[in-house]
Structures are given as C-alpha cells and as structure tokens.
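Asks: build me a structure from this.
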Amino acid sequence: MNWGQIRQTVLDKLDGPDRLLESEYLPRMIQAANEGLALLATAGLPIWKRVRMRAEEEPLYLPQALPGFWRLETVARVQGEQVAPTLDYRREGSFLWLKEGEYDIAYCALEEPIDQRTPDSHVFELEEDALTLLPLYIASQLYKHDNAPLAVLWRNEFEAGRELLQLRERERRGRPGWAEFEARPF
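Replies: Predicted coordinates:
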C-alpha cells in the first residue's frame with residue numbers, strides 16, 4: 001500500500017468526507033500515521049535491515065550510522081568471504097564500539113516519517129500485513145472526539161490485528177533455524 005491508498009482508505013472509513021474536509025484532516029492524518037507506523041514497527045512486524053560497514057576505533061552513534069535505527073539485532077565480523085557472529089563489541093546506550101575491521105550489522109528500523117510533502121506514490125517498508133492496519137489507527141485518532149464509540153471500535157480492531165502480528169513474529173523467531181558461533185579459547 002502506498003500513502004495515497006492509505007489516505008483514501010481512511011477517508012472511506014470516515015464516510016468519504018469531501019475534498020474540502022480532506023485538507024482539514026490531512027495534518028492530523030499525518031501525525032496519526034507516523035504514530036501508527038511506529039507502533040507497527042516496534043510492536044508488530046519489524047523492518048529488518050542489514051548494513052555492511054567498516055569500523056574504526058571511534059564509537060558509532062547508532063541513530064546516525066544506521067538509517068531509521070530502532071533496535072540492534074546482531075553484529076557479525078566479516079573476514080574475507082566469511083561472516084561470523086561476534087561478541088567482540090561494546091554497546092552503551094546509542095553508542096556501539098567495534099574493533100577496527102569490517103562488520104555486518106543487522107537491526108530493526110523505524111519507518112521514515114511522512115510529512116505534508118510526502119507524495120501519494122510513497123511506498124512504505126513495513127510488510128503489507130502491517131500496513132493494512134494503519135488506516136484503522138489513523139481513523140481511530142481522527143474520530144476520537146467526533147465519534148468516540150466508532151473510534152474505540154477501530155482502535156480495538158487495530159490492536160487485535162497488531163497482537164496477531166506480534167504472535168506471528170514470536171512464532172517465527174521461535175522456529176528452529178541455523179546458527180553459527182565462533183569458538184574462543186578460555
């Protein structure tokens with residue numbers, strides 16, 4: 001779903017306000033969309049990213065070094081063609097200290113915030129399953145003062161869908177897969 005489709009779905013839920021009212025709703029819609037995108041990425045389906053980078057001896061400020069950084073997942077050391085997980089790093093808050101070398105870093109990211117200039121054709125990185133819930137969240141925030149019972153219904157639908165996404169993600173992470181470990185002398 002792109003931003004234009006999400007906006008149209010929200011307007012349809014609000015019984016299709018005319019184009020004059022859409023301009024009134026748009027600023028509030030953008031704020032609610034950014035809140036909903038953050039909720040879906042942090043407690044629904046995460047946006048997985050992987051970056052290969054060369055590290056020096058100075059610390060990395062993660063929000064600056066990794067686009068959209070939310071949560072660090074794994075740090076692996078690259079040696080030639082081999083990539084092996086490593087525990088040879090230190091993290092303090094938003095800073096990551098790595099020894100000099102090349103690393104493969106996996107992390108979860110937040111969606112890039114939207115604003116008034118975001119085109120209707122903008123495509124989000126969240127999975128489609130998560131994006132289908134976003135209009136429910138936006139509509140619930142827009143209508144919470146105008147029609148509280150309907151806003152509560154939409155918010156409950158959003159939260160139920162988000163819980164299903166969380167359950168699916170926990171099950172996916174719990175399945176056996178493969179792992180590599182680097183042997184270290186004691």
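
Asks: tell me which helix or strand of this protein sits lowest on mean pLDDT?
Replies: Taking mean pLDDT, DSSP states H and E as the measure, the chain has helix 19-43 as its least confident helix or strand, at a mean of 86.

Asks: buried sites along stretch 1-12?
Replies: 1, 3, 6, 7, 8, 9, 10, 11 (16 or more other CB atoms under 10 Å). From N, CA and C alone the C-beta is placed, and that goes for glycine too.

Asks: which of these fall in helices?
Replies: 3, 6, 7, 8, 9, 10, 11 (DSSP state H).

Asks: distance of the fourth one from residue 120?
Replies: As for residue 8, its distance to residue 120 is 9 Å (criterion: CB to CB, to the nearest Å).

Asks: same thing with the second one?
Replies: Residue 6 sits 9 Å away from residue 120, taking CB to CB as the criterion.

Asks: what residues sit buried inside the stretch of helix or strand residue 72 belongs to?
Replies: For residue 72, the element it lies in under DSSP states H and E is strand 69-79. Applying a neighbour-count criterion of 16+ other CB under 10 Å, the buried positions in strand 69-79 are 69, 70, 72, 75, 76, 77, 78.

Asks: that'll do, ta.
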